[in-house]
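In: Below: sequence and its predicted model.
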Number of protein chains: 2
Amino acid sequence: MKKGNPTIHEIARALNINSSTVSRALNDSSRVTQKTKEKVLAKAKELGYQRNLLASNLRRSRSNTIGVVVPRISRHFFSSTIAGIEEAAFSAGFNVIICQSLEALDREQRIVKNLIANRVDGILISVSMETTNSKHLEYFRDNGIPLVFFDRHCADMPDASKVLIDDRQAAYDAVTHLIGKGCRKIAHFSGPQELRIYKNRLKGYKEALRDNQITYNPKLVLTSKLMEADGYASAQKLLESSKDVDGIFAANDVSAIGAIKYLKKQGKQIPEDMAIVGFSNEPISEAIEPSLTTIDQSGFEIGKIACDLLVDNIRSRESTGIHNKTIFIDTTLIERGSTQKNG
Amino acid sequence: MKKGNPTIHEIARALNINSSTVSRALNDSSRVTQKTKEKVLAKAKELGYQRNLLASNLRRSRSNTIGVVVPRISRHFFSSTIAGIEEAAFSAGFNVIICQSLEALDREQRIVKNLIANRVDGILISVSMETTNSKHLEYFRDNGIPLVFFDRHCADMPDASKVLIDDRQAAYDAVTHLIGKGCRKIAHFSGPQELRIYKNRLKGYKEALRDNQITYNPKLVLTSKLMEADGYASAQKLLESSKDVDGIFAANDVSAIGAIKYLKKQGKQIPEDMAIVGFSNEPISEAIEPSLTTIDQSGFEIGKIACDLLVDNIRSRESTGIHNKTIFIDTTLIERGSTQKNG
DNA sequence: CTGTTAGCGCGTTCAG
DNA sequence: CTGAACGCGCTAACAG
């Protein structure tokens, strides 16, 4: 058993033809006879030839790879996004390098550097909570390498391609829903305002209040990193200071779950005296269903669409150039417990 | 702005030195003066030099990349495993290519082929439900490329490296736990017997029964693909035919959840007249907590350990050679609802 | 339709 | 300590 893999030269020598012909045959070029193709393919199989993409990529100076950067792989939203990306990339013939920033800017920077060194053909990114500027992403714009933001994007790259949900609208709908259920004192758990998505969700919250003649009270807006513990603490803080809060609009799912856990511990009947709405990514547990209405966003779909867009950009790069655009994904307001109420 | 990236030659020319020196400086070789190193590094930064890993990898004929194959990224167990792998790989300086087989053998074969073409330095794999033989993995053994199975492995590669949980023991513990709670008629939801893990879980089930003088009844073993719908259907089938089943040991979490959903729909008080134990990967919802005791396996830890082992194998490949071994990860029996009972 | 030539960008000899 | 030269495996360009 030889160590090194056989190369196109070895199969060329065995067939007494030139290695270029072998290369062309292997790539199913139209400029090779069917006959030689068959001979080459047969010999390749016989020798156990395995194409070396490293060499191929170097020569063509493309890596055939898409870089993906997410804050945390294990979060349900991102793992389903990745599933969608994988799906789209695989059928387009691209490999995918997945990296997680763990919400840290310095790590995100290192990752981006590594992706550049790997000469990725394009990059899909959902930025970390610490990412307030896009300096480390300039390279891609400067070198004409396609980049698509999804979900979390940078405010200072307005002209980049983005696949987003309409946060303002979704928040508006959520809060309107709460108001429709009779809530008047609605709190909002908000995230870092440097991130566009949280800013827009706050905006939608305010607009819904305004359109329903409810005075905006800044004290009802609690900003945090939106971890479960934050939601728990926020709910605690809220209920201890002013007891007349009757609704919560949480800017993500886990903080909403934190709030519910606190309320449950206090023995509150959540459906009765408190309505909660959150942006949902996680599969919401059934215990929470009766009280938590969610604005759902399909991670899989976002990933698939973002990757398709990126692949489009990669392919059109050489011909028509990159056309950046923003795609908005629909969200669905799911009122849980409604089936339970009926059943 | 130039199109192509600057190469070591350009920075060599700018400094009037040879490109080899630049290469060495960039790689922090001991055979270069500190002074030249500094000059090179400064010039590199100035020109915006970005090392081309494609070329580097081709030359060194290694890709610096680990291939990971899982059945489905969006499943919680695998996404946490991947998080662990990512973590370990990142700190060891490896990239990771993640691929999902979607439980299909033909897709798994294509993936493996692609990984080989990409000249991965090693591979981590949890095989699909359809994978009953390891023909497509022979290449790695034949070419001395490290391979580590985790969780789901191939029976016909006994000498490969593996990171597993002790399925037999865990199943034994789970069933013993049910018996301790007073169950005598315990059903088992089992998976494809071609997969070692399900075979071993069945084995543990049988042994626990035997050691407690309970006669094994094959009719209580329902084999399926263990989806949620399967669990639902199995529970239904079970309860409709023989009403005296008082315990279920499900070989995974989602099938257990399916069973619980069915029972709930029937208005059964699960904690009272039915005990359920399942292998847990998903974050189990609180609604289920009171009734579902789980055998928990930490995906993150399994991933991290598997990747560490693989990196070890990759590194020792050139020196001492690969030493295959199997590592068993501990599982934890978590009895949910116990806190609830106390509180 | 096929062969020849010349690199892609880097790392690694071997000299000096 | 540094320079010159070669080659990793493949493919683009140009011949024929």
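Out: Sure, I can see it.

In: which intervals of the stretch 51-200 of chain A have sub-threshold pLDDT?
Out: Nowhere does the stretch 51-200 of chain A drop to pLDDT under 70.

In: near DNA strand C, which residues of it?
Out: Residues of the stretch 51-200 of chain A that fall close to DNA strand C, judged by Cβ under 7 Å from any atom of the strand: A:55, A:58, A:59, A:61. Any C-beta I mention is one placed from the backbone N, CA and C, and that applies to glycine too.

In: Among these, which are located in helices?
Out: A:55, A:58, A:59 (DSSP state H).

In: Where neighbours are concerned, which of the residues you listed has the most?
Out: Highest neighbour count within those, by other Cβ atoms under 10 Å in any protein chain shown: residue A:58, with 20 neighbours.

In: I'd guessed it sits against residue B:55; true?
Out: Yes - between residue A:58 and residue B:55 there is a contact under Cβ atoms under 8 Å: 5.4 Å.

In: thinking again about what came up before, could you list which of the residues of the stretch 51-200 of chain A next to DNA strand C also contact chain B?
Out: A:55, A:58, A:61 (Cβ under 8 Å from any Cβ of the partner chain).

In: Throw these into TSV and include distance to residue A:262, thanks.
Out: Below are these laid out as TSV (distance: Cβ to Cβ, whole Å):
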residue	distance to residue A:262
A:55	58
A:58	56
A:61	55
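
In: What strand or helix carries residue A:279?
Out: strand A:275-280 (DSSP states H and E).

In: what's the following helix or strand after that strand?
Out: strand A:292-296.

In: what does stretch A:298-316 rub up against?
Out: A:66, A:76-89, A:92, A:94, A:121-124, A:146-148, A:150-151, A:161, A:163, A:165, A:281, A:322-325, A:327, A:329, B:74 (Cβ atoms under 8 Å, 6 or more residues apart in numbering or on different chains).

In: switch to 6 Å and redo it
Out: Stretch A:298-316 has contacts (Cβ atoms under 6 Å, 6 or more residues apart in numbering or on different chains) with A:77, A:80-81, A:83-85, A:87-89, A:92, A:121-122, A:124, A:146, A:148, A:150, A:161, A:163, A:322, A:329.

In: and these, which are buried?
Out: A:77, A:80-81, A:83-85, A:87-89, A:121-122, A:124, A:146, A:148, A:150, A:161, A:163, A:322, A:329 (16 or more other Cβ atoms under 10 Å in any protein chain shown).

In: near chain B too, which of those?
Out: Counting by Cβ under 6 Å from any Cβ of the partner chain, A:80, A:83 from the buried ones among the contacts of stretch A:298-316 sit close to chain B.

In: Strands - which of the buried ones among the contacts of stretch A:298-316 land there?
Out: Taking DSSP state E, the ones among the buried ones among the contacts of stretch A:298-316 that sit in strands are A:122, A:124, A:148, A:150, A:161, A:163, A:329.

In: which ones are touching residue A:156?
Out: Taking Cβ under 6 Å, 6+ apart, one finds A:133, A:134 in contact with residue A:156.

In: ok, it to residue B:311 distance?
Out: As defined by Cβ to Cβ, to the nearest Å, residue A:156 lies at a distance of 38 Å from residue B:311.

In: how about the strands of the stretch 1-150 of chain A, start to end?
Out: A:65-70, A:95-100, A:122-125, A:147-150 (DSSP state E, counting those that start in this stretch).

In: Residue B:19: which of those strands is closest?
Out: strand A:65-70 (26.2 Å; Cβ to Cβ).

In: outside of that closest one, which residues touch it?
Out: In contact with strand A:65-70 (Cβ under 6 Å, 6+ apart) are residues A:78, A:85, A:89, A:94-101, A:111, A:115, A:120, A:122-126.

In: Stretch A:87-97 too?
Out: So stretch A:87-97 is contacted by A:64, A:65, A:66, A:67, A:68, A:86, A:304, A:307, A:308, A:311, B:95, B:97 (Cβ under 6 Å, 6+ apart).

In: List the residues that contact residue A:133.
Out: residue A:156.

In: Retrieve the pLDDT associated with residue A:45.
Out: At residue A:45, the predicted lDDT confidence score is 91.

In: Report how many residues lie close to it.
Out: By other Cβ under 10 Å, the residues close to residue A:45 number 10.

In: How about the contacts made by it?
Out: Neighbouring residues of residue A:45 by Cβ under 6 Å, 6+ apart: there are none.

In: ok, now how distant is it from residue A:209?
Out: 69 Å.

In: Same check on residue A:84?
Out: 34 Å.

In: now do residue A:138
Out: Taking Cβ to Cβ, one finds residue A:138 at 38 Å from residue A:209.

In: what does residue A:201 give?
Out: For residue A:201, the distance to residue A:209 - Cβ to Cβ - is 13 Å.

In: Repeat that for residue A:119.
Out: 49 Å.

In: what about the helices in the stretch 201-343 of chain A?
Out: A:228-241, A:253-265, A:270-273, A:299-316, A:338-342 (DSSP state H, counting those that start in this stretch).

In: Select, out of those, the one closest to DNA strand C.
Out: helix A:299-316 (18.3 Å; Cβ to the nearest atom of the strand).

In: Can you show me the CA trace of that closest one as CSV?
Out: In CSV, the C-alpha atoms belonging to helix A:299-316 read as follows (Å, rounded to 0.1, in the frame of the first residue of the first chain):
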residue,chain,number,x,y,z
GLY,A,299,-33.8,29.6,11.4
PHE,A,300,-33.6,27.0,8.7
GLU,A,301,-35.3,29.2,6.2
ILE,A,302,-33.1,32.2,7.1
GLY,A,303,-30.0,30.1,6.7
LYS,A,304,-31.1,28.7,3.4
ILE,A,305,-32.1,32.0,1.9
ALA,A,306,-28.9,33.7,3.2
CYS,A,307,-26.7,31.0,1.7
ASP,A,308,-28.6,31.0,-1.6
LEU,A,309,-28.1,34.8,-1.8
LEU,A,310,-24.4,34.4,-1.0
VAL,A,311,-23.9,31.7,-3.7
ASP,A,312,-25.7,34.0,-6.1
ASN,A,313,-23.3,36.8,-5.2
ILE,A,314,-20.3,34.5,-5.5
ARG,A,315,-21.4,33.4,-9.0
SER,A,316,-22.3,36.8,-10.3
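
In: Enumerate the residues of chain A near chain B.
Out: Counting by Cβ under 6 Å from any Cβ, the residues of chain A near chain B are A:50-51, A:53-55, A:57-58, A:73-74, A:79-80, A:82-83, A:86, A:95, A:97-98, A:100, A:116-119, A:142, A:285-287.
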